[in-house]
Structure formats: C-alpha cells, structure tokens
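1. Need a 3D model of the sequence below.
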Amino acid sequence: MVKKVAIVLLSTIIGNSLYAGNYDTNTKGFLGLEVGAATVDGDRSDGLKHNGKAVEYGLRLGAQNEEWRATFALDYFNSGSDDQKMQKGYGMVDYFFTGSDSTVRPFVGANVGYAHYESTLVDANGLLYGGQAGVVVGVSANIDLDLSYRYSLMQVNAVNNTGSIVFGFNYVY
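-> Here you go, the predicted structure:
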C-alpha cells in the first residue's frame, strides 16, 4: 500500500513539474542537487539505539510559483563508521512567505515519503513524514540556492527520526 502511494506521489510531482508551464504562466519547473549534514536515530544489530551522523546527498525535481513549491527528492545516507544506511524518496510542499520578486524567500513546509534503513542484521522500510523550514536565495533568473532544516519521523520500529541541514542547488526552467 505504501509503495503504491509513493508511486502515485512521485508520478504526480514529476507530471506537475514537467508540465508546470501549462497550468500557470508563473509556475516554473526545476531540477536540483542537494547535500546535507544528516543524523539518523536508528537501531543497530546490538539492539541499542544509535544516532548516526554523515553526509547525505540527493536529487530533486519540482515546480514552484510565487507562493508554493512542490518537490520530489531522492536522498542517500551512508554512515559507514556507524553501520547505518538509508535511502529516502519523498514529496515536499513548501509555502513561501514572500513573492518571487524577492531575492531571499523564507519558507515552511511538510514532507511525506518512503524510506529504506539498513544496519547489521536490521533491514526496515516504512513511511516517512515531517516538516522543513528554510530560505531560498535567487542567484539569477535560472539559479536558486536553498538552505533548510528537514526533520522527519519514520513509521517503523528500527528508526525514530532523521534530521538534516540541507544545501540545495536548483536550475529553474
């Protein structure tokens, strides 16, 4: 069931971003990269909770207008020294507090998706949901830089939560 919801969410966001100009002349699509400092509070093989820290990186695709942004992101986390790996795919919706004519645009938003967590003798999948807040800086008409904090809970016993300070680079088309 969760995989079906994730596929529908992914299809909707990709479709909206690819055909964003057909809906509203002020709506633009974007492609981007993101990298962040992430923590994952999860289980290890010894049964203890562990807060793994590592760099997470990913790809993003979405659409935005003056007030809203919809994004689909795929992220990968690998804390080799702490024996934790996580792959996340999720959709995000953000609300901008200022219009697109502003160079600096603060936002708040929500995210929902699906994650796969691995550690020694632990292999878990589950629903991921949470929120984010940050700021988008328009460098040029086609380049946005994004700095945000993203926090998510996971609906599986092996992982409590994940948090990331994320830097994003978006090409707006």
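2. Would you mind measuring from the residue positioned nearest the centre of the chain to residue 34?
-> Taking Cα atoms, centre = their mean as the criterion, residue 73 is the residue nearest the geometric centre of the chain, at 4.8 Å. For residue 73, the distance to residue 34 equals 7 Å [Cβ to Cβ, to the nearest Å]. C-beta here means a position set from N, CA and C on the backbone, and glycine is covered the same way.
3. Once you drop chain neighbours, what's closest to the residue nearest to the centre of the chain?
-> residue 60 (4.4 Å; Cβ to Cβ, 6 or more residues apart in numbering).
4. Isn't that neighbour up against residue 168?
-> Yes - here residue 60 reaches residue 168: they are 6.5 Å apart, a contact under Cβ atoms under 8 Å.
5. coming back round to it: in which helix or strand does the residue nearest to residue 73 reside?
-> Assigned by DSSP states H and E, residue 60 falls within strand 49-64.
6. So which other helices or strands are in contact with the following helix or strand past that strand?
-> As assigned by DSSP H and E, the chain's next helix or strand after strand 49-64 is strand 68-79. Judged by 3 or more Cβ pairs under 8 Å, 6 or more residues apart in numbering; DSSP states H and E, the packing partners of strand 68-79 are helix 2-18, strand 28-43, strand 49-64, strand 84-96.
7. worst average pLDDT in the ones you listed?
-> Lowest mean pLDDT within the helices and strands packed on strand 68-79: helix 2-18, at a mean of 57.
8. quick one on the thing from earlier: any residues in contact with both of residue 73 and residue 34?
-> Shared contacts of residue 73 and residue 34 (Cβ atoms under 8 Å, 6 or more residues apart in numbering): 58-60.
9. Just the buried subset of these, written out for PyMOL, thanks.
-> In PyMOL, this line selects whichever of the shared contacts of residue 73 and residue 34 come out buried by 16 or more other Cβ atoms under 10 Å:
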select buried, resi 58+60
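10. any chance of the shared contacts of residue 73 and residue 34 in CSV, plus distance to residue 156?
-> Below are the shared contacts of residue 73 and residue 34 laid out as CSV (distance: Cβ to Cβ, whole Å):
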residue, distance to residue 156
58, 20
59, 24
60, 24
